[in-house]
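Chemist: I would like the atomic coordinates for the input below:
(4 chains)
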Amino acid sequence: MSDAKAIIAQRVAKELKDGNVVNLGIGLPTMVVNYLPEDVEIIFQSENGIMGMGPAAEEGCEDLDIMNAGAGYVTANPGAMYFDSATSFGIIRGRHVDVTVLGALQVDRHGNLASWIIPGKMVPGMGGSMDLVVGAKKVIIAMQHTQKGNHKILDECTLPYTAVKVVDEIVTEMGVMVVTPEGLLLTEYNPEYTLEQIQEATGAKLNISPDLKTML
Amino acid sequence: MSDAKAIIAQRVAKELKDGNVVNLGIGLPTMVVNYLPEDVEIIFQSENGIMGMGPAAEEGCEDLDIMNAGAGYVTANPGAMYFDSATSFGIIRGRHVDVTVLGALQVDRHGNLASWIIPGKMVPGMGGSMDLVVGAKKVIIAMQHTQKGNHKILDECTLPYTAVKVVDEIVTEMGVMVVTPEGLLLTEYNPEYTLEQIQEATGAKLNISPDLKTML
Amino acid sequence: MKNKIKTADEAVSVIQDGATIMVGGFMVCGTPEILIDALVRKNVKNLTIICNDAGLPGKGVGKLLSNGQIKTLIASHVGLNPEVAQRMNTEVEEDKLECILIPQGTLAERIRAASTGLGGILTPTGVGTIVAEGKQLLEIEGNEYLLELPLHADFAFIRGTVTDKFGNTIYNGTTQNFNPLMAGAAEHVIVGTCKVVEVGELDPNTIHTSGIFVDTIVGGEQ
Amino acid sequence: MKNKIKTADEAVSVIQDGATIMVGGFMVCGTPEILIDALVRKNVKNLTIICNDAGLPGKGVGKLLSNGQIKTLIASHVGLNPEVAQRMNTEVEEDKLECILIPQGTLAERIRAASTGLGGILTPTGVGTIVAEGKQLLEIEGNEYLLELPLHADFAFIRGTVTDKFGNTIYNGTTQNFNPLMAGAAEHVIVGTCKVVEVGELDPNTIHTSGIFVDTIVGGEQ
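Modeler: Numbers count the residues shown, from 1 in each chain, chains lettered A, B, ... in the order given. Sure, this is the predicted structure:
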């Protein structure tokens, strides 16, 4: 399981380019920072009001005034800036964030995303996710391919949307899928799985890239 | 002439109460600061981006970074704050300015204001005036009663509007007129003029307040 | 000019049952706890609280929730305070919480619209989702936008780091979040601040919230 | 990360005839004169300039006007530069200036809308005046608002007081005005700044414009 997460985080890290402004969702996406090449400098934004967020604060050294959007105490890198929530979401909605990496409950072949509510069961609120996926230039969903054996990648989402037609790419432990006008295109795969196994684990037809590579 | 201006500025000064946030237009309205009682502290806003503006800078001591909206070098009082133009007009449009005092080309009995354009002749632009008169809680027009003998206070403005139904009060060297649903109400007058002279100089019918006082 | 400095209990004495109160902070980072504590002591009920989130159990607006003071919560995320779900689903009518969820960027911008006198905002966020239900959709230059209305309040609880006696306030780090926006959107603004200084001590280039918005200043915030 | 520091002439070398350029400043207070001077030297023509005003004769965007480089000026006030009226009324077709006047608060908010991804703004300003001609009017809760559209540009000329090498910028006094708004509304942003410092030297609580908006930094502004 943790292996799967490491594979995903490692692969997503390759999508981030030097100088990119990036917002990482809580959970798995946060792990991406552990796999960045040394020569790639990323500017991390957290929607609660910081540009240039640094690593988590060391225990005992927390500054209670400096938090990330997941309520964890963090640090500020040199060149950081703080701002209010309207400015923060102005940056997000205004297409000044290059990449956002988020988890999901479901994604479908149209790039529709469901990630914030299971009616009657889990209603935590959308937080900043709806703005992030609408505003970021590139939306990457980083998640395990299935949930307890159930499909999460579907023809059509069955849960309420976070947003429609926003996902650019899905990275799972099985492969990398790009959302295209013709549906989902598998561009990379994990050779631990056969293409049949990957299709089996997916609730939508996967087109296979003529250029298919391994993801590791 | 300068006497008329002094009378107007002196009378307008009485409208400003301790703690008021006030924006004064350029020209005559600026003279109001010379007549404030000592125990009345006003917070002057200038729409180019300062709250707590102080007096004009002394010659030779100008800070080129600190200007008012009329392009004059000014000072900042203790407790001043600088901000950008969206914040500045947010304060104005959001009804956080208590009083604005502006000049006018024409005002009519509905409280309509014309102050920014004489088509084919003078097209300087509206600057911040349209926002100021729409946003300020109280709009006082401070101007000489007539322009070279021509009426400026009218039944209906003939020049293009700055805004409609925004003027609360008109202060001239002849008197104080309040805009009411029934038209213009003369509440104070300058005893140097007869009521007939004042009506004569006005292009709209003046209702006379049963409580009529002298303005000096 | 009038003295704005009061104790927390004096500051909240003007708040009555049924009031709408904006509370600054993001997961309690930037929430004025001394004002919340005073409001718990005053024990006014049926409040509408507008806040980014529901705080945490025993912290921030979570205290008001536990004390049964909130009737309606308008927030963007409530998942980190399990008491919200309990109170939304309770059978006990008087404990029942209404919770209205708003995308965080829309929440921020709606509050700013109230503060800045705009008629509403046009945002692409929420288009095609249940957030759009019942709302006007405008097509502008080929794209769709939701019309979202300004959000006003009777009171705002703001948390400052340094505040001068006029009310000019500076926020440190990520405590800023919703505080400066709410300061302009409420009729009556109370600042709970860590440090009160004399007027003129703050650099006018670094002030985040003008004192013109501030009615009351309470020192002693941690 | 890439080096953003260039000379003024290098910085404007990317600008071609017909470009739309936002220029910060209010009556030239906060206008980056070194960038204007470089643009005069480059002598590109048919520019659309978005600025609060027309500068003054021989100062700010007034230099571009005198040099015949501006085809369209979008501003809120042009009364202090008499050359505007001359060029608007000239019989010489190639010298003719188109001048579009916008209320100052609307100008600021339209630029902010472009920067923040809103579909437009709803303002009470201009309702019932010639500013409203041809624009959509919305009635919201009994009041009327004009729909005003976002205002984008190819380039923005920003004037900073202190800028670090990443582009984080602080403005002094009333030089701020339109600068931070324009920094987010243009494709390519050039900062002319008085002082360049190392990354990390600026207090993150006091920065007005994030370096993420800045493409090029030019030192030597006065």
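
Chemist: near chain D, anything from stretch A:146-164?
Modeler: No - shown here: stretch A:146-164 not in contact with chain D (CB under 8 Å from any CB of the partner chain), separated by at least 13.3 Å. Using the backbone N, CA and C atoms, a C-beta is placed for each residue, glycine as well.

Chemist: how far does that stretch stretch from start to finish?
Modeler: Stretch A:146-164 has its terminal residues 21 Å apart, counting by CA to CA, to the nearest Å.

Chemist: touching chain C at all, it?
Modeler: Yes - Stretch A:146-164 lies within reach of chain C by CB under 8 Å from any CB, at A:Pro160, A:Tyr161, A:Thr162, A:Ala163, A:Val164.

Chemist: drop anything exposed from these.
Modeler: With burial judged by 16 or more other CB atoms under 10 Å in any protein chain shown, the buried subset of the residues of stretch A:146-164 next to chain C is A:Pro160, A:Tyr161, A:Thr162, A:Ala163, A:Val164.

Chemist: a markdown table for those residues, including secondary structure and pLDDT?
Modeler: Below are those laid out as a markdown table (DSSP: H, G, I helix; E, B strand; the rest coil; pLDDT from 0 to 100):
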| residue | secondary structure | pLDDT |
| --- | --- | --- |
| A:Pro160 | coil | 97 |
| A:Tyr161 | coil | 98 |
| A:Thr162 | coil | 98 |
| A:Ala163 | strand | 98 |
| A:Val164 | coil | 98 |
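
Chemist: nearest to D:Val84, of these?
Modeler: Closest approach to D:Val84 among these (CB to CB): A:Ala163, at 45.2 Å.

Chemist: just confirm the closest one contacts A:Val134, I think it does.
Modeler: Yes - between A:Ala163 and A:Val134 there is a contact at 5.3 Å, judged by CB atoms under 8 Å.

Chemist: where do the helices of the chain begin and end?
Modeler: With no chain named, the answer covers chain A. Counting by DSSP state H, one finds helices in chain A at the ranges A:2-13, A:85-93, A:129-135, A:195-200.

Chemist: not quite, I wanted chain C
Modeler: C:8-12, C:33-42, C:61-66, C:83-89, C:104-116, C:179-183.

Chemist: buried ones in the fourth one, by neighbour count?
Modeler: Right, helix C:83-89. In terms of neighbour count (16+ other CB under 10 Å), helix C:83-89 has its buried residues at C:Glu83, C:Val84, C:Ala85, C:Arg87.

Chemist: now for A:Val33: which residues touch it?
Modeler: A:Val33 sits next to A:Leu24, A:Ile42, A:Phe44, A:Pro55 when contact means CB atoms under 8 Å, 6 or more residues apart in numbering or on different chains.

Chemist: rerun that using 10 Å as the cut-off
Modeler: By CB atoms under 10 Å, 6 or more residues apart in numbering or on different chains, A:Val33 lies in contact with A:Ala9, A:Ala13, A:Leu16, A:Val22, A:Leu24, A:Ile42, A:Phe44, A:Met53, A:Gly54, A:Pro55, A:Ala56.

Chemist: same deal with A:Gly25?
Modeler: When contacts are counted by CB under 10 Å, 6+ apart, A:Gly25 touches A:32, A:47, A:69-70, A:100-104, A:115, A:127-129, A:132-133, A:140-142.

Chemist: who's in contact with C:Thr31?
Modeler: With CB under 10 Å, 6+ apart, C:Thr31 has these contacts: C:23-25, C:51-53, C:55-56, C:59-63, C:157-159, C:175, C:177-179, C:192, C:221.

Chemist: 6 Å instead?
Modeler: C:Gly25, C:Gly60, C:Arg159 (CB atoms under 6 Å, 6 or more residues apart in numbering or on different chains).

Chemist: for it, what are phi and psi?
Modeler: With angles defined as degrees, to the nearest 10, C:Thr31 sits at phi -100, psi 130.

Chemist: got the residues of chain A near chain D?
Modeler: For chain A, the residues in contact with chain D (CB under 6 Å from any CB of the partner chain) are A:19, A:21, A:41, A:51, A:76, A:78-82, A:90, A:93-94, A:135.

Chemist: ok, and which of the residues you listed reach chain C?
Modeler: A:Tyr82, A:Arg93.

Chemist: any idea which of the contacts of A:Val33 is closest to chain B?
Modeler: Nearest to chain B, judged by CB to the nearest CB, of the contacts of A:Val33 is A:Met53 at 24.1 Å.

Chemist: residues near the closest one, how many?
Modeler: For A:Met53, the tally of surrounding residues (other CB atoms under 10 Å in any protein chain shown) stands at 27.

Chemist: wait, it touches A:Ile42, no?
Modeler: No - assessed by CB atoms under 6 Å, A:Met53 is found out of contact with A:Ile42, at 9.9 Å.

Chemist: how about the contacts made by A:Ala163?
Modeler: When contacts are counted by CB under 6 Å, 6+ apart, A:Ala163 touches A:Leu113, A:Met130, A:Val133, A:Val134.

Chemist: go again with 7 Å.
Modeler: A:Leu113, A:Met130, A:Val133, A:Val134, C:Gly128, C:Thr129 (CB atoms under 7 Å, 6 or more residues apart in numbering or on different chains).

Chemist: cool, C:Lys165 as well?
Modeler: Taking CB under 7 Å, 6+ apart, we find C:Lys165 in contact with C:Lys4, C:Ile5, C:Val196, C:Glu198, C:Val199.

Chemist: drop anything exposed from those residues.
Modeler: Among the contacts of C:Lys165, the ones that count as buried by 16+ other CB under 10 Å are C:Lys4, C:Val196, C:Val199.

Chemist: can you name the farthest residue from the center of chain C?
Modeler: C:Gly142 (34.6 Å; CA atoms, centre = their mean).

Chemist: likewise chain A?
Modeler: A:Gly60 (29.8 Å).

Chemist: need phi/psi at that residue.
Modeler: Here is the backbone geometry of A:Gly60 (degrees, to the nearest 10): phi 90, psi -10.

Chemist: from A:Gly72, how far off is it?
Modeler: Noted for A:Gly60: a distance of 15 Å to A:Gly72, by CB to CB, to the nearest Å.

Chemist: ok, C:Lys59 next?
Modeler: 15 Å.

Chemist: how about the contacts made by A:Asp3?
Modeler: Contacts of A:Asp3 (CB under 7 Å, 6+ apart): none.

Chemist: OK, contacts around C:Leu149?
Modeler: Taking CB under 7 Å, 6+ apart as the contact definition, C:Leu149 lies against C:Arg110, C:Gly120, D:Ile140.

Chemist: tell me, how many neighbours does the residue nearest to the last one when sequence neighbours are not counted end up with?
Modeler: Of all residues beyond its chain neighbours, the one nearest D:Ile140 is C:Gly119 (4.6 Å), with distances taken as CB to CB, 6 or more residues apart in numbering or on different chains. Counted with other CB under 10 Å, the neighbours of C:Gly119 add up to 21.

Chemist: C:Gly119 against D:Gly142, yeah?
Modeler: No - counting by CB atoms under 7 Å, C:Gly119 does not reach D:Gly142; the two are 10.6 Å apart.

Chemist: by mean pLDDT, which helix or strand of chain C comes out lowest?
Modeler: Lowest by mean pLDDT, DSSP states H and E among the helices and strands of chain C is helix C:83-89, with a mean of 93.

Chemist: chain center to that one: distance?
Modeler: Distance, stretch centre to chain centre, for helix C:83-89: 20 Å (CA atoms, centre = their mean, to the nearest Å).
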